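Asks: Sequence and computational prediction follow.
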Amino acid sequence: MTESTEARIARTTPCAVKVEAGKDYFWCACGRSESQPFCDGSHRGTSFRPVRFRAEKEEWLWFCGCKQTATPPFCDGSHKPLS
């Protein structure tokens, strides 16, 4: 079985998440997680690793859903040509 070096497109829209201050979040970088936009361990056996983010304050953030962002774990609009 050949592993792809490109992440799967999990969705073509960003994920709005209200984060909690002081909490760690692990963003799915591979696109395989059933718990989008966060990691559920589905990357095991691949070269992908989740991206850790620690929230400094409670706020709404837009996490990338397409996995094509240049600013992981956040949306940079890369999904627009995919829609």
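Replies: Noted; the coordinates are in hand. Numbers count the residues shown, from 1 in each chain.

Asks: How many residues are close by Ala55?
Replies: Ala55 is flanked by 16 other residues according to other C-beta atoms under 10 Å. C-beta coordinates here come from the backbone N, C-alpha and C atoms, glycine included.

Asks: Please report how far it lies from Gly45.
Replies: 29 Å (C-beta to C-beta, to the nearest Å).

Asks: Model confidence for the closest residue to Cys64 other than its chain neighbours, exactly?
Replies: Nearest non-adjacent residue to Cys64, counting by C-beta to C-beta, 6 or more residues apart in numbering: Cys75, 4.7 Å away. At Cys75, the model reports a pLDDT of 98.

Asks: Count the neighbours of Cys75 for me.
Replies: Count around Cys75 with other C-beta under 10 Å applied: 22.

Asks: doesn't Pro14 make contact with it?
Replies: Yes: counting by C-beta atoms under 8 Å, Cys75 touches Pro14, with 3.7 Å between them.

Asks: Having no further points to raise, I will conclude here.
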